[in-house]
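# Provided below are the primary sequence and the corresponding predicted coordinates.
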Amino acid sequence: MVIGKEKIWSLLATVTDPEVPVLSVIDLGIVREININGGTTEIVITPTYSGCPAMDAISMNIKLVLLEHGYKDIKVRTVLSPPWTTDWMSEEGKEKLRKYGIAPPNPKQQVCDTRLFEADEAVQCPHCNSYLTKRVSEFGSTACKALYTCNDCKEPFDYFKCH
């Protein structure tokens, strides 16, 4: 079997995040490296948070997809430094988040007039695109998201926090 990194990258694009199933591990930017040494394939990943509970499932799913395609000796190694940042997410992944109803991370922390927006950061509602939003809780459905509501459409939504 011809082993190529491009094929492995395309296979990893099918491995989804169990907490946000519209995103692949490639969209998230958590795959750092692919190393091929003899018959061993090593995938190096960095979690979005050091205690992310989804990483065990992601590691297992990476191994499963590679096993299904003929790779036999697979190692998934977790690296914490440098820490993951939302800058590593793909633009396609950010758009997938928006369509799924989760506000994607802003390109940088945007400080706004809290008299108008009731938050330190201007977060756009993924439902109606309004910036008149309010953070309800620092933590949403997972530790990597915050819970917001929109003052215009009144819908709650998660915001994938920058870091």
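Structure's in. What do you need?
# how is the protein divided into domains?
5-84, 91-160 (automatic domain parsing).
# ok, the residue nearest to residue 142 when sequence neighbours are not counted - contacts?
Distances taken as C-beta to C-beta, 6 or more residues apart in numbering put residue 19 closest to residue 142, at 5.1 Å, once the chain neighbours are dropped. All C-beta atoms are positioned from the backbone trio N, CA, C, and that covers glycine. Remark: with contacts taken as C-beta atoms under 8 Å, 6 or more residues apart in numbering, residue 19 is in contact with 54, 141-142, 144.
# tell me what residue 41 is bridged to.
When assigned by DSSP bridges, residue 41 has beta-bridge partners residue 36, residue 74.
# likewise for residue 24?
The partner list for residue 24 in beta bridges (DSSP bridges) reads residue 16.
# doesn't residue 18 make contact with it?
No - applying C-beta atoms under 8 Å, one finds residue 24 not in contact with residue 18, separated by 11.6 Å.
# my guess is residue 73 contacts residue 36, does it?
No - with contact taken as C-beta under 8 Å, residue 73 and residue 36 are classed as non-touching, separated by 10.2 Å.
# returning to that earlier point: among the contacts of residue 19, name the buried ones.
Applying 16 or more other C-beta atoms under 10 Å to the contacts of residue 19, the neighbour count classes 54, 142, 144 as buried.
# max-length helix in this protein?
Ranked by residue count under DSSP state H, the longest helix found in the chain is helix 55-68.
# and for residue 8, nearest residue in space, chain neighbours not counted?
Here the residue nearest residue 8, using C-beta to C-beta, 6+ apart, is residue 34, at 5.2 Å.
# swap in residue 146?
Distances taken as C-beta to C-beta, 6+ apart put residue 159 closest to residue 146, at 4.8 Å, once the chain neighbours are dropped.
# where do the strands of this protein begin and end?
Taking DSSP state E as the criterion, the chain contains strands spanning 31-37, 40-45, 73-78, 102-103, 133-137, 145-150, 156-160.
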